[in-house]
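Asker: Based on what follows, work out the 3D shape:
(one chain, ligands or ions: 1)
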Amino acid sequence: MTIATRFTDLVGCEVPIQQAGMGGASTPELAAAVSNAGGLGMLTATAGDVPADIEAALAATAGRPFGLNFLMPFFDRALLEAVAHRVRLVEWFWAEPDPALVAVAHDAGALAAWQVGSRDEAVAAADAGCDLIVAQGAEAGGHVRGTTGLLPLLDAVLGAVGVPVVAAGGIGTGRGVAAVLAAGASAARIGTRFVATLESGAHPGYKQALVSAQAGDTVLTEMFGIWWPGAPHRVLRSAVQAAEALADDQAGEVVGAGEPFRVPRFAIRPPDRATRGHIDAMALYAGQAVAAVTAITPAADVVREIATDAEQLLRHLTA
Ligand SMILES: Cc1cc2nc3c(=O)[nH]c(=O)nc-3n(C[C@H](O)[C@H](O)[C@H](O)COP(=O)(O)O)c2cc1C
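Answerer: As a prediction, this is how the structure comes out:
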């Protein structure tokens, strides 16, 4: 299966699907599964042993490209400088695009991308030298940078910049991918659907909550603000309700390698495999396409299903 676009040419993959880098969900296994299925897998720099994750993904992908996402409130420049040469794409979110950081990626031989939430931020990312711009609509799961829905935002960004644009937010099926490609995007970035895969690091209870959720079950809020206040994010409404109903100030704890630590009520941290406690009351990030999550499946199946459906729809468009 191949759908050639400016994104696939630039990155060197087969289908124009980028898995979003996601704290709590992006494991090396997930990134490798997506990349090996022909998309672009992404690691997150916000959690875990990032150099070890990169080496694991390199070993599992045998030369296929994958990328690394930095969430700027938790940015570590020394880490960027240490690892940029090991990944195909470096990407940032939640700060004014910075030409000096883009130059670090380029000097290391990596592509540079910035996820943005407005036309002006997209222009700033292009001016900073980014090779790709991710336009994130307000339908997106996780932290939401702007206030505009994906289609009007995509329209404005495509009209303002010349570099390939990746569309993000509320895309969970081949229909969504076909729609944004037909509109001129070069790829779709998908988060929520990949949370509910076998390879994702999300807690099983979180994955199951995504399967059970229907369209309309998400809400944009600032409630889960502990450790990162004032940053709007889209979560399952049920998580807000469960957190509000908790009598305890502690939602749970993380018991992985190292010292256990507590997860306060309303903390930004989504539950992962090492989390214990009131999973339903933690930050269950989800986008408006959550109804597309109907089962917990291998990530490769998600890539294949979405790419096959999108390809068929696009063929009918031109037939
Ligand atoms: C669980 C979760 C965690 C996320 N963490 C990050 C992150 O660390 N960095 C980032 O750039 N975006 C993050 N996002 C946002 C994604 O990059 C992307 O914009 C979003 O998932 C797209 O919308 P969708 O979830 O409807 O597909 C996260 C999204 C989710 C669902």
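Asker: Could you report the pLDDT at T27?
Answerer: Note for T27: predicted pLDDT of 97.
Asker: let's number from 19 now, not from 1
Answerer: Yes, from this point I'll number from 19; that puts the last item at T45.
Asker: Just give the number of residues close to R333.
Answerer: R333: 10 surrounding residues under other C-beta atoms under 10 Å. Glycine gets a C-beta too; all of them are placed from N, C-alpha and C.
Asker: Name every strand pairing with the helix or strand encompassing L61 and say which way it goes.
Answerer: Under the criterion of DSSP states H and E, L61 resides in strand 59-62. Strand pairing for strand 59-62, using DSSP bridges, gives strand 84-89 (parallel).
Asker: related to what we said a few turns ago, what is the following helix or strand past the strand holding L61 packed up against?
Answerer: Proceeding N to C from strand 59-62, the next assigned helix or strand is helix 68-79, under DSSP H and E. With contacts taken as 3 or more C-beta pairs under 8 Å, 6 or more residues apart in numbering; DSSP states H and E, helix 68-79 sits against helix 46-54, strand 59-62, strand 84-89, helix 95-101.
Asker: My understanding was that Q226 contacts V311; is that so?
Answerer: No - look at Q226 against V311 with C-beta atoms under 8 Å: they stay out of range, at 9.9 Å.
Asker: neighbour-wise, which of the two wins?
Answerer: Shown here are Q226 and V311; by other C-beta under 10 Å, V311 has more neighbours (25 against 16).
Asker: Please enumerate the helices of this structure.
Answerer: Secondary structure of the chain by DSSP state H: the helices cover 24-29, 46-54, 68-79, 95-101, 117-125, 137-145, 168-178, 192-200, 210-213, 222-230, 255-263, 317-336.
Asker: for those, which one ends up most surrounded?
Answerer: The highest average neighbour count among the helices of the chain, using mean count of other C-beta atoms under 10 Å, belongs to helix 210-213 at a mean of 30.
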